[in-house]
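>>> let me see the structure of the following:
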Amino acid sequence: MAITLMHRRSNFQRLPTKTAAFLPPSPPKTSSFLSFSTSFLLLVLLTIWSLSVLLSSSFQICFSSRKLDSYCISSGALSHSLRHLIPPASNLSRTYKHMTANNEISEAIKLVEEKLHIMRRWASTNSNINCSGKGIFVYDLPSKFNKDLIAQCNKLLPWTDLCEFLVNDGIGLPIPRLGPGWYRTHQYSLEPIFHSRVLNHRCRVSDPAQARLFYVPFYAGLDVLRWHFANASISDKDKLSNELVKWLETRPEWTRRSGRDHMFVLGKISWDFRRVGDGPWGSNFLSLPEMQSPFKFLIERQPWELNEIGIPHPTHFHPHSDDDIAAWQARVASSVRGKLVSFVGAARPESTESIRSVLIKQCTAAEAAACRFVDCGSGKCGEPGDVMTTFMESEFCLQPPGDSPTRKSVFDGLVAGCIPVIFNPFTAYYQYPWHLPEDFHKYSIYVDEEEVRTGKVNVMERLRAVEPDKRKEMRRYIIYELMPGLLYGDAGSQFKRFRDAFGIIMDSMIEMATKLE
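Numbers count the residues shown, from 1 in each chain. Reported below is the predicted structural model:
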């Protein structure tokens with residue numbers, strides 16, 4: 001069975017969408033703070049919010065069985081046009097006549113890059129942190145904020161039972177065909193996965209007086225997920241997050257620094273927690289005044305917040321030990337890649353912004369050995385083993401944006417040693433400052449999505465032109481340098497040779513928390 005659920009705004013809300021493409025991030029450089037008028041910044045911010053909210057949009061849910069297809073469900077009902085998140089000069093000069101100074105728009109883009117430079121400086125390279133005086137306190141929240149949401153796993157979405165994906169500390173049921181460490185992990189299961197790891201962290205303390213860092217295990221993503229397709233009021237959608245804030249305000253640990261030494265990990269995208277007014281989608285959790293001070297970690301970040309940091313989507317691989325990682329690296333490195341490129345995803349025919357239809361046409365027009373298209377819209381992506389096999393047999397993986405900038409598929413592909421082809425910087429380059437290097441040429445191919453949209457480039461030909469030696473160099477970097485830091489180990493995992501995504505986050509946060517006054 002297949003279901004497609006569509007939602008559109010009325011035509012009068014449409015804004016011009018024919019825009020110039022993003023520029024990729026500038027090469028690494030020494031940064032200095034920028035200076036321009038506060039009024040201009042406010043105007044740019046308002047512009048971005050207006051565009052992200054008012055753009056005509058749709059959402060799509062596809063499945064062929066009770067198992068949810070990770071590459072088809074939308075992250076949100078409103079599609080967020082990527083070129084509007086970071087405003088390119090030509091777009092704003094066309095849409096807003098009073099903003100015609102290209103240099104000012106460039107400064108706004110530089111501001112976002114400046115924030116990324118600052119975030120990168122926060123990342124810790126020390127994997128042997130001494131826990132003395134650096135304790136982590138994990139709040140024992142009332143069960144309604146986490147455990148009770150897991151208990152509702154068969155009711156979170158109206159058309160499918162998520163229980164098989166959320167068991168086993170959030171990593172789901174095992175996938176024997178892929179070997180040890182592989183599970184049916186859902187794309188929105190990061191909250192219980194992270195919670196189980198923090199509970200076993202060697203620096204965890206039971207006395208909050210001994211802590212420098214405080215972790216709040218609120219499963220806000222699962223909370224907001226259950227209201228996406230329910231006939232719920234605004235008060236229902238905001239109830240649990242408002243109750244959490246009130247609960248925290250009774251704690252002296254929170255009030256001492258207004259939450260600046262606290263961290264949240266949220267398993268959905270930032271926009272799902274930033275509902276505008278009485279809009280139909282999402283909660284207002286991250287818009288609450290009390291939530292401006294803590295650090296928030298999400299699978300997709302909002303570009304203007306320094307203390308909102310993007311972290312990898314959970315993949316299906318959750319190693320227990322260094323040996324598990326090394327064994328998978330060897331398997332991926334030896335994989336025979338008979339396809340030049342693959343695309344695992346669904347078309348977006350209702351979206352004039354999407355380049356997916358163009359890519360699908362180019363892929364299917366190529367000779368059989370060149371490109372493989374796995375159509376998630378027809379239910380072909382339900383089995384992680386099939387998807388991972390496709391990635392492992394491909395040199396390159398196309399990663400066009402979907403209903404929001406980021407894709408879980410980027411990380412699934414990287415774990416399979418497949419070089420991602422990125423069409424918009426916000427899919428990866430502006431998202432993950434602690435887990436992906438600033439020099440994106442080391443691990444990805446960038447193709448301007450506007451050139452694809454206007455037919456100026458054939459992606460198949462562009463990828464054929466990448467020299468075999470260059471491909472090998474990039475794949476080696478992905479497998480041996482990047483991959484370990486993109487994984488989340490299982491609840492009891494211990495690593496000595498490698499640092500997984502969780503280790504990078506916690507090492508960095510512990511160091512930052514100890515520097516707070």
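>>> for the rest of this, base every contact and every neighbour count on C-alpha atoms.
Noted.
>>> please save the CA atoms from the host helix or strand of Val452 in CSV.
Using DSSP states H and E, Val452 sits in helix 449-453. The C-alpha atoms that make up helix 449-453 are tabulated as CSV, following Å, rounded to 0.1, in the frame of the first residue of the first chain:
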residue,chain,number,x,y,z
GLU,A,449,21.9,23.0,-7.9
GLU,A,450,20.9,26.0,-10.0
GLU,A,451,23.1,24.7,-12.8
VAL,A,452,21.3,21.4,-12.5
ARG,A,453,17.9,23.1,-12.5
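>>> counting by contacts, list what the next helix or strand after that helix packs against.
Proceeding N to C from helix 449-453, the next assigned helix or strand is helix 459-464, under DSSP H and E. When contacts are defined as 3 or more C-alpha pairs under 8 Å, 6 or more residues apart in numbering; DSSP states H and E, helix 459-464 sits against strand 339-345, helix 356-365.
>>> and the strand or helix carrying Ile118, what's buried?
Assigned by DSSP H and E, Ile118 falls within helix 102-122. Neighbour-count burial for helix 102-122, counted by 16 or more other C-alpha atoms under 10 Å, picks out 104-105, 107-117, 119-120.
>>> out of those, which one has the lowest pLDDT?
Taking these together, the minimum pLDDT is found at Ile105 (60).
>>> got a list of what the closest residue to Asp490 other than its chain neighbours touches?
Computed as C-alpha to C-alpha, 6 or more residues apart in numbering, the closest residue to Asp490 that is not its neighbour in sequence is His318, at 5.1 Å. When contacts are counted by C-alpha atoms under 8 Å, 6 or more residues apart in numbering, His318 touches 171, 181-183, 487-490.
>>> need these in CSV (columns: pLDDT, distance to His435 and neighbour count).
Formatted as CSV, these follow (pLDDT from 0 to 100; distance: C-alpha to C-alpha, whole Å; neighbours: other C-alpha atoms under 10 Å):
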residue, pLDDT, distance to His435, neighbour count
Ile171, 98, 20, 30
Gly181, 96, 21, 20
Trp182, 97, 21, 22
Tyr183, 97, 22, 24
Leu487, 99, 10, 25
Tyr488, 99, 12, 27
Gly489, 98, 15, 29
Asp490, 98, 19, 22
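>>> can you redo those residues as JSON lines with distance to Ser404 and secondary structure?
Shown next, in JSON lines, are these (distance: C-alpha to C-alpha, whole Å; DSSP: H, G, I helix; E, B strand; the rest coil):
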{"residue": "Ile171", "distance to Ser404": "23", "secondary structure": "coil"}
{"residue": "Gly181", "distance to Ser404": "29", "secondary structure": "coil"}
{"residue": "Trp182", "distance to Ser404": "26", "secondary structure": "strand"}
{"residue": "Tyr183", "distance to Ser404": "25", "secondary structure": "strand"}
{"residue": "Leu487", "distance to Ser404": "22", "secondary structure": "coil"}
{"residue": "Tyr488", "distance to Ser404": "23", "secondary structure": "coil"}
{"residue": "Gly489", "distance to Ser404": "26", "secondary structure": "coil"}
{"residue": "Asp490", "distance to Ser404": "28", "secondary structure": "coil"}
